[in-house]
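In: Starting from these lines, generate the structure:
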Amino acid sequence: MSKEKMKMEENTTSEALHSVLTPGGSSLRTITVKDQYVFSLHQNNTVRMWDSSTYKEVSNFVLEGKVGAMELRLDFLYISLDNNVLVWDAKNHKFLKNQTFQGHTEWVTRFAISGGILYTASNDKTVRGFNIINGKCVRIYEGHSEAVACLDFSGHYFVTGSQDKSVKVWKAVGLNESDIEMDVKNPEVSILTHSKLVFNIKIIGHLVYSASKDGTLRVTDMRTGEEKHCYRIEETIPDYLLDFKLIDGEETFIWSLQNHQIHAWNMKTGKFGKTFVGHRNKITCIKKNEQYLYSGSEDLDVRQWSLKDGSVVRVMRNFTKVMSMALGNNNRLYVGGEDGHLKVWTQFEIEESEGDFESKSKEKEKSSFSKLFGKSKSEKKSATRTNSNDGFEGESSVSPIKRTPSFLFGSKKKDSKAKPDDKTEKTDILRTSSDSPNKASSPIMGLGSSTSLNNSAVLDDSDDLIGWYLGPVSREKVESILVKQRKSLIIVRNSLTVEGCFALTKWVAPEKAFQHLLIHNRQGRYSLSDSIDPDSYGSLWELVSKSIECKGFALGIEVDEDEDDT
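Out: Numbering: from 1, shown residues only. Sure thing, here's the model as predicted:
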């Protein structure tokens with residue numbers, strides 16, 4: 001990757017708003033979102049239900065058997081388990097006993113709901129139609145000689161694709177036929193043009209688009225079975241995959257397991273358009289909305305692309321293989337990781353944030369350390385914890401913890417009362433001392449190249465350590481530290497992915513959940529991106545002291561007294 005491209009990606013990298021490690025850490029296979037709830041299907045067959053406003057787990061259950069697919073319709077979660085399809089009532093948190101759709105002799109590969117009928121495709125070579133009200137099987141479609149791999153609906157008809165290389169057109173159950181049992185032995189039309197498995201299928205008008213492992217994508221008239229076009233996709237994209245749910249006007253998107261690229265393909269002309277280049281490993285999932293395409297990969301990244309020109313809008317570092325994604329109606333992008341993390345980003349960056357990404361390197365603020373942190377001694381005293389359960393003294397809504405972990409600021413003896421030397425240069429609250437416990441200083445992005453700050457420089461004097469600012473520390477390091485803390489707290493650090501910005505990390509101990517918010521510096525005013533707090537503040541200290549995002553959280557890291565001498 002070129003240096004220019006690497007720099008561009010650094011300037012478009014975004015940190016997650018929330019990060020929740022699911023119990024057991026099992027990989028997230030599928031994520032689906034409905035209103036305020038998020039549902040996750042895990043590799044260990046656990047299904048979890050989350051409240052998207054609090055990210056607390058509302059309910060969960062474990063399935064025994066082979067779980068194929070999961071889909072949410074209204075308030076009901078349909079799950080294919082072995083040879084059956086189960087229905088879970090999301091409102092009442094229970095399975096519906098009278099709606100267990102069974103009858104297949106082998107496991108269910110796909111299912112879809114149309115006209116009050118649940119259609120299930122199976123490895124037993126058949127498709128069954130069930131009345132979704134009473135669970136009664138009213139149709140059995142027979143005709144394929146191998147497993148049925150895919151299906152799609154349009155009006156009174158549906159089509160199926162199979163391992164037997166064929167595409168078949170069937171008549172769907174009529175509106176007044178939902179209680180009439182019937183076996184259908186012969187399809188309306190049978191199409192035999194592919195030489196390998198048909199893995200995806202789509203009806204558009206009277207045309208059937210069928211994608212096959214033989215490397216072709218064929219277009220057939222479903223009324224007559226006449227082939228209209230045969231596109232040899234493998235000549236451009238070997239070992240290709242596509243999802244017809246991604247259709248955008250006349251385009252859909254095709255990607256490869258080999259070259260890790262995504263290609264726009266015009267379904268009307270059969271020609272390739274934009275190419276989305278950037279992933280470095282297998283692409284595992286793709287989603288889209290009206291403006292953007294999102295792709296997750298085993299290269300640990302989620303990428304947001306402009307549908308207009310194919311450019312990278314954001315790179316979201318997931319720090320584990322991306323296994324699943326879902327778009328919520330609350331401007332949220334939900335990402336499931338191989339390590340069991342459920343992470344949340346915004347789908348859209350606000351206009352000011354996008355502009356800020358492009359101009360961060362040009363808007364480095366050359367303010368003093370005292371302007372940056374802006375905390376006087378009197379403010380420090382007013383922020384200490386009180387014995388009352390009603391909150392904290394003064395205007396502060398956070399409680400600083402006055403002990404600092406030795407692994408961040410160096411060791412500090414309990415009987416040490418040494419004051420900084422008079423020759424030591426100080427600002428109102430910061431000092432840089434040659435005899436600092438940690439001599440390795442790091443530049444703070446946004447303050448100019450001549451300014452440096454080590455971890456201990458945030459402190460006013462050596463016997464009043466408040467470890468709320470950790471400097472240039474990675475998100476992974478912060479999470480590994482905070483996960484050991486017993487109380488909910490916040491810290492501030494330099495963002496290592498967005499130049500010129502800071503990050504506020506919140507640790508919600510009871511839920512064992514993280515939230516990471518980007519802190520922007522716009523002309524000396526500090527504000528939180530994607531936050532419920534619309535205000536800006538004159539310093540970082542003012543932000544962490546007064547922002548409603550920080551209310552109820554302790555400020556800084558607490559360690560055991562024994563660790564001070566280690």
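In: can you pull the contacts of the residue nearest to residue 156 when sequence neighbours are not counted?
Out: Residue nearest to residue 156 in three dimensions, not counting chain neighbours: residue 172, with 5.4 Å by Cβ to Cβ, 6 or more residues apart in numbering. All C-beta spots, glycine's among them, are computed from the backbone N, C-alpha and C. By Cβ atoms under 8 Å, 6 or more residues apart in numbering, the contact set of residue 172 is 114-115, 117, 119, 129, 153, 155-158.
In: And the pLDDT for the residue sitting nearest the centre point of the chain?
Out: Geometric centre of the chain, nearest residue: residue 335, 2.2 Å, by Cα atoms, centre = their mean. Per-residue confidence (pLDDT) for residue 335: 96.
In: which SSE is it in?
Out: strand 332-337 (DSSP states H and E).
In: That strand packs against which elements?
Out: On a contact count with 3 or more Cβ pairs under 8 Å, 6 or more residues apart in numbering; DSSP states H and E, strand 332-337 meets strand 28-34, strand 322-327, strand 341-346.
In: Direction included, what does it pair against?
Out: Applying DSSP bridges to the sheet, strand 332-337 is found paired with strand 322-327 (antiparallel), strand 341-346 (antiparallel).
In: wait, which of those strands is closest to residue 91?
Out: Closest to residue 91 of the strands paired with strand 332-337, according to Cβ to Cβ: strand 322-327, at 19.8 Å.
In: The closest one relative to strand 28-34, how many degrees between them?
Out: 10 degrees (axes from the mean of the first three to the mean of the last three Cα atoms, to 10 degrees).
In: okay if I get the helices and strands packed on strand 332-337 as JSON lines plus mean pLDDT?
Out: JSON lines is the format used below for the helices and strands packed on strand 332-337 (pLDDT from 0 to 100):
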{"stretch": "strand 28-34", "mean pLDDT": "92"}
{"stretch": "strand 322-327", "mean pLDDT": "95"}
{"stretch": "strand 341-346", "mean pLDDT": "92"}
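In: Output those in CSV; the columns should cover mean neighbour count and distance to residue 266.
Out: Below are these laid out as CSV (neighbours: other Cβ atoms under 10 Å; distance: least, Cβ to Cβ, whole Å):
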stretch, mean neighbour count, distance to residue 266
strand 28-34, 20, 30
strand 322-327, 22, 24
strand 341-346, 22, 30
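In: Of those strands, which is nearest residue 84?
Out: strand 28-34 (17.8 Å).
In: where do the strands sit along the stretch 251-400 of the chain?
Out: Taking DSSP state E, counting those that start in this stretch, the strands of the stretch 251-400 of the chain run over residues 251-256, 262-266, 272-276, 283-288, 292-297, 301-306, 312-317, 322-327, 332-337, 341-346, 399-400.
In: I'd like to know which elements the first one is packed against.
Out: Other helices and strands packing on strand 251-256, by 3+ Cβ pairs under 8 Å, 6+ apart, are strand 240-242, strand 262-266, strand 283-288.
In: What ranges in the stretch 301-450 of the chain fall below the confidence cut-off?
Out: By pLDDT under 70, the low-scoring segments of the stretch 301-450 of the chain are 349-450.
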